[in-house]
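1. Give me coordinates for this.
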Amino acid sequence: PQGPRLGGAENDANSTVTNSLRTSIRHQEARILLTTFMDHMRFGPAYSPLARVTAARWLFYPHLRLQRDFGGSSAAQAAADPYVWSDALELSNALCCELALGSSGAAAAAAHYMLSAVVSPGFEAAASDAVDGMRLQSEGLRAEAAAAQGALESAEMSGDELGRAEAHEAAAAALAAHADLESAIQQVSELLAELSSWRVFFDLDRRMAEWSEQYEAAQAAEHGSDKAAALASQAEQLLDEISGQLLKGGWMAWGGEAPTLDSQEAQQQQQQQQQHPHNTPSCTVDLVVTCQQSSHAANASQALSASAQPFVGLKGAELYELEMQLRSALAPVIRAPGAVGPGSSVLEEGVQAQVVAPQGAEGFLTVSLTCPLGSAKAWRAMTTLAVSIVQGSLPGLPQVYVVNMRASRPASMAICRRCCLGQAVMHCSALRHARAALGGDGKAGEELVELLASGPNRSAEGTSSGLASMLSPAMLQCVLQREADTVVQVLWNEQQQRQQ
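-> You can find the predicted model right below:
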């Protein structure tokens, strides 16, 4: 089920067959076809999580060719088209984002596989070197633009019209190239930072799953004090790293802000509005959901095999029941039913919610949320509603599983950050309770309650301290109950020590 791995004989870039036939292929046509294929894989419910991440290896092929042809030199990497890096990074981050919303270990296992086996070794280091090389190129283009501007001024002073036209054209070309390169540098740098954040999250998630499996096995087998001491030490280390790197470390706090009217998303929407004047610029989040897991993994070792199973579509009465449950769960937060069209409504903050059957995906439902572009309040309401659907915190909402999510990068990051930090809080709570059960004194991770109780204000570093807002009411109740049980367990441990 794992599929072919990069670096195998069938994927070796050195064995690629090349030719010199004349063709009429347009510039970047292969890239367009490849990204279209990847969209089909990513948004096709018939493809399992593992199939999606395995297919992503095609976007790393240009990097493998650079390694084959130029030995990975920084100059050659910088000279490559920025799409070599941005396409692969953008897809990897999008898949990480969607798999992080998965409610089963199978989704996380697919993400672990992608980050360890699909993302080619040395890719991120090579992309970072390429960014450094692009910065040097950008400085060169800036110098060319300055020289051309000087020539233009000289031509204007001398009255040389021909020289003036040539200098003006050269300056404009250098400035345009410099602006494009600076945009590419910013995009690749941001994507690299996001992928690094996902590596931190999924590495901690993997270690948490492995520790939980060992803890449950030890509880069932009633191992001796040596095993308990080892588990206790690992729990304290995990608790410290999850708290430090995710909860207190401002994990992905630099992303997920509401798009402004001068953002890239807004500019794209304005261009579309010029083509279609009757359409209002908006931000949209589409969640394709089902109420059945693709496969259940009994333990972490079976999770990868489970991730190879496709998503389960619903039929007939089951699909109709899920649709009615979704609309009923959304009804209490709806203020003006039927104001938009069949099956859709308008929220108080200007957010439109719609439940429809997606085209080409029979057996699934799409919850489409839309808000006006430029309204930060409506944008936050939209992403909060999306988080509530993923976490299942709306009253009457059944447990749904996210098949995929189509949204802008800021909206995706905002939704995933809240869901992932909520999951991290649950992990810390479980580790604290387990550590107390293993004889702990309750000091490990004791700042968790303080972090939950603090307000939603942002610190000087811009990190949000209101972790309680990351949890659904049911999750918060579970954490508080665990904390109460932890306190009782710590008191019992102290009593036992005094008796001894």
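2. sec struct for the residue nearest to Leu385 when sequence neighbours are not counted, please.
-> Once flanking residues are discounted, Leu385 sits nearest to Leu369: 5.9 Å by CB to CB, 6 or more residues apart in numbering. (Each C-beta comes from the backbone N, C-alpha and C, glycine too.) Classification of Leu369 using DSSP: H, G, I helix; E, B strand; the rest coil returns strand.
3. host element of the residue most central in space within the chain?
-> The residue lying closest to the centre of the chain (CA atoms, centre = their mean) is Cys97, at 2.5 Å. Following DSSP states H and E, one finds Cys97 within helix 83-100.
4. What's the mean pLDDT across the helix or strand following that helix?
-> Once the chain leaves helix 83-100, the next helix or strand it forms, by DSSP H and E, is helix 105-113. Helix 105-113 carries an average pLDDT of 87.
5. sorry, back to before: quick one, the helix holding Cys97 and helix 105-113 angle?
-> Interaxial angle, helix 83-100 versus helix 105-113 (axes from the mean of the first three to the mean of the last three CA atoms, to 10 degrees): 160 degrees.
6. buried ones in helix 83-100?
-> 83-100 (16 or more other CB atoms under 10 Å).
7. I'd assumed Met405 was in a strand, is it?
-> Yes: counting by three-state DSSP, Met405 is found in a strand.
8. Low-confidence regions, this structure specifically.
-> The chain contains residues with pLDDT under 70 at 1-27, 70-80, 103-104, 222-225, 255-256, 258-281, 293-301, 333-349, 360, 455-466.
9. helices or strands next to the helix ranked longest in it in the packing?
-> Criterion DSSP state H: the longest helix present in the chain is helix 161-221. When contacts are defined as 3 or more CB pairs under 8 Å, 6 or more residues apart in numbering; DSSP states H and E, helix 161-221 packs onto helix 83-100, helix 105-113, helix 123-158, helix 225-242, helix 409-437.
10. got these as JSON lines, with distance to Val400 columns?
-> Formatted as JSON lines, the helices and strands packed on helix 161-221 follow (distance: least, CB to CB, whole Å):
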{"stretch": "helix 83-100", "distance to Val400": "14"}
{"stretch": "helix 105-113", "distance to Val400": "13"}
{"stretch": "helix 123-158", "distance to Val400": "33"}
{"stretch": "helix 225-242", "distance to Val400": "26"}
{"stretch": "helix 409-437", "distance to Val400": "13"}
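11. right, so of these, which gets closest to Gln186?
-> helix 123-158 (9.5 Å; CB to CB).
12. Can you tell me the element Thr366 falls in?
-> Here Thr366 is assigned to strand 365-372, by DSSP H and E.
13. what's downstream of that strand, the next helix or strand?
-> Downstream of strand 365-372, the next assigned helix or strand under DSSP H and E is helix 376-391.
14. and that following helix with strand 365-372, angle?
-> Going by the same axes, to 10 degrees, helix 376-391 makes 160 degrees with strand 365-372.
15. Could you check the angle helix 376-391 makes with helix 409-437?
-> 50 degrees.
16. For helix 376-391, list every residue counted as buried.
-> For helix 376-391, a neighbour-count test (16+ other CB under 10 Å) marks 378-391 as buried.
17. so what does it touch, helix or strand wise?
-> Applying 3+ CB pairs under 8 Å, 6+ apart, we find helix 376-391 packed against strand 282-290, strand 365-372, helix 409-437.
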